[in-house]
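Colleague: Curious how this folds, go ahead:
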Amino acid sequence: MTTPWVSHDDENYTYDYTYYPGNEPCKKDNVKEFGSTFIPALYSIVFITGLIGNLLVIRILWPLICKATHTMTDIYLFNLAFSDLLFVITLPFWAYTAAYQWIFGEVLCKLISWTYVIGFYSSIFFITAMSVERYLAIVHAIKAKKIQRLQSGITLSCIIWAAAFIISVPEAHFNKVEIENIHKTCRPSMDSETLKQWKLAHNFEINILGLLIPLIIMIFCYSRIIKTLLRKMTFCPQVWKRRRAIRLIFIVMIVFLIFWIPYNISLLLRSLEILEVYVSCSFSKGIDISLQLTETIAFVHCCLNPFIYVFVGIKFKNYLYELIKNCLPSFMICDICHSSRRDSVTSSQTMSSYDHSAFIAL
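Modeller: Next up, the predicted model:
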């Protein structure tokens, strides 16, 4: 995973004159103007929303994590929120760079790049781990109970963080502050040919580790989950809960695909340009703008994670209500909130232990 598009000013991303076959100059000043306006505004929105949402998730989950009664789902949700938080705190730096230039020094260049990549990959990996957890809890519920699941969850979380740290090391090592067209930028410091190979390898890394492998795992897990739920619906007196679970599974999959596939397609097209399969000024400009748009859209996914994985669950709605009740005066808590709270409690109490453990993350 490389740092955001705005931090790269190699010959594929330069806003100066790039020469293509026929020695025709390709001026990209309009791409720079578009990015300097579009990126800061969108990054700011993603930063504010993601910061508030994920801090709230961490605040709700922290008391659960400190108790011996926490589940594997609680562990994954907490780590997912922390991953997204690491990711979004880097966005103001890239937003300022897009509008002006990098002014934060070389130490922060390495640190922010490292944090960005760690947050990106750990977030994707924890989403994948939660898919596997749901699969085990629903499809292999009896076998899953025999496993030391809490210990496995903590161990897997450590492995995920270690993997994200290792993957991000090259980014922190090679990124330096350099001057491009009188502007300072934070990017890998390499010669032109090596930088091409770097970009090509990283584009394929993002497509494979950031989309292809997680997507295959998620499709397998959720298809088996849906098959199991549909088979059990006939024998389940609370059919609406099964339907709700299936609907939320589709939401998880669709949201993941909508927000990440366009960005990965843009990276693939960029790789084709690097390989000189498609070489033209108009194509290069189109990919530049496409990367800016699709990358920002992909970043929005980290803002949606708190709502998808936490706030739709009955247990977390109850904890959120308790948090609001403790923070606000009693007269500000409306009767509707009390009614909603009672309904949620009643619903959660009627759930069997199997339903609770299986669907609480949904």
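Colleague: Low-confidence regions, the stretch 201-350 of the chain specifically.
Modeller: Residue ranges of the stretch 201-350 of the chain with pLDDT under 70: 232-249, 309-316, 328-350.
Colleague: rerun that using 80 as the cut-off
Modeller: Residue ranges of the stretch 201-350 of the chain with pLDDT under 80: 229-253, 278-280, 282, 305-350.
Colleague: what's the lengthiest helix in the chain packed up against?
Modeller: In the chain, with assignment by DSSP state H, the single longest helix is helix 29-66. Other elements packing on helix 29-66 under the criterion 3 or more Cβ pairs under 8 Å, 6 or more residues apart in numbering; DSSP states H and E are helix 72-88, helix 91-99, helix 281-299, helix 301-306, helix 314-327. The C-beta positions use only the backbone N, C-alpha and C, and glycine is treated the same way.
Colleague: Of all those, which one comes closest to His140?
Modeller: helix 72-88 (13.7 Å; Cβ to Cβ).
Colleague: tell me the angle the closest one makes with helix 314-327.
Modeller: Computed by axes from the mean of the first three to the mean of the last three Cα atoms, to 10 degrees, the angle separating helix 72-88 from helix 314-327 equals 60 degrees.
Colleague: Check which helices and strands helix 72-88 sits against.
Modeller: Secondary elements touching helix 72-88 (3+ Cβ pairs under 8 Å, 6+ apart): helix 29-66, helix 105-139, helix 149-174, helix 301-306.
Colleague: Which one of the ones you listed lies nearest to Asn181?
Modeller: For these, proximity to Asn181 was assessed by Cβ to Cβ; helix 29-66 is nearest, at 9.4 Å.
Colleague: Report the buried residues of that closest one.
Modeller: Buried positions in helix 29-66, judged by neighbour count with 16 or more other Cβ atoms under 10 Å: 31-32, 34-36, 39-40, 42-43, 46-47, 49-51, 53-54, 56-58, 60-61, 64.
Colleague: before we move on, what about stretch 256-264?
Modeller: For stretch 256-264, by 16+ other Cβ under 10 Å, it's 256, 259-260, 262-264.
Colleague: try stretch 186-205
Modeller: Using 16+ other Cβ under 10 Å as the test for burial, stretch 186-205 gives 186-188, 195-196, 198-199, 202-203, 205.
Colleague: Equivalent analysis for stretch 220-228, please.
Modeller: Applying a neighbour-count criterion of 16+ other Cβ under 10 Å, one finds 221-222, 225-226, 228 buried in stretch 220-228.
Colleague: what secondary structure does Lys176 sit in?
Modeller: Classification of Lys176 using DSSP: H, G, I helix; E, B strand; the rest coil returns strand.
Colleague: Can you give the distance from stretch 156-166 to the centre of its chain?
Modeller: Relative to its parent chain, stretch 156-166 has a centroid offset of 15 Å by Cα atoms, centre = their mean, to the nearest Å.
Colleague: Offset the numbering so it begins at 15, please.
Modeller: Noted, 15 is the first residue going forward, which turns the last one into stretch 170-180.
Colleague: May I have that stretch as CSV, with CA atoms only?
Modeller: Taking Å, rounded to 0.1, in the frame of the first residue of the first chain, the C-alpha atoms of stretch 170-180 are listed here in CSV:
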residue,chain,number,x,y,z
LEU,A,170,-5.2,-13.5,15.7
SER,A,171,-5.4,-9.8,16.5
CYS,A,172,-1.7,-9.7,17.4
ILE,A,173,-0.9,-11.6,14.1
ILE,A,174,-2.9,-9.0,12.1
TRP,A,175,-1.2,-6.1,13.7
ALA,A,176,2.2,-7.7,13.2
ALA,A,177,1.4,-8.3,9.5
ALA,A,178,0.3,-4.7,9.0
PHE,A,179,3.5,-3.5,10.7
ILE,A,180,5.7,-5.7,8.5
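Colleague: For that stretch, buried residues please.
Modeller: 170-171, 174-175, 178.
Colleague: circling back: now for the helices and strands packed on helix 86-102, which one comes closest to Phe297?
Modeller: For the helices and strands packed on helix 86-102, the distance to Phe297 is smallest for helix 43-80, at 12.6 Å, taking Cβ to Cβ.
Colleague: ok so, going back, nearest approach to Asn332 belongs to which of the helices and strands packed on helix 86-102?
Modeller: The closest of the helices and strands packed on helix 86-102 to Asn332 is helix 43-80. By Cβ to Cβ, the value is 9.8 Å.
Colleague: Run through the bridge partners of Cys200.
Modeller: Beta bridges link Cys200 to Val191, judged by DSSP bridges.
Colleague: shouldn't it be in contact with Thr111?
Modeller: Yes. In terms of Cβ atoms under 8 Å, Cys200 counts as a neighbour of Thr111; the distance is 6.9 Å.
Colleague: Once you drop chain neighbours, what's closest to Phe179?
Modeller: Closest residue to Phe179 apart from its sequence neighbours, by Cβ to Cβ, 6 or more residues apart in numbering: Ile132 at 6.2 Å.
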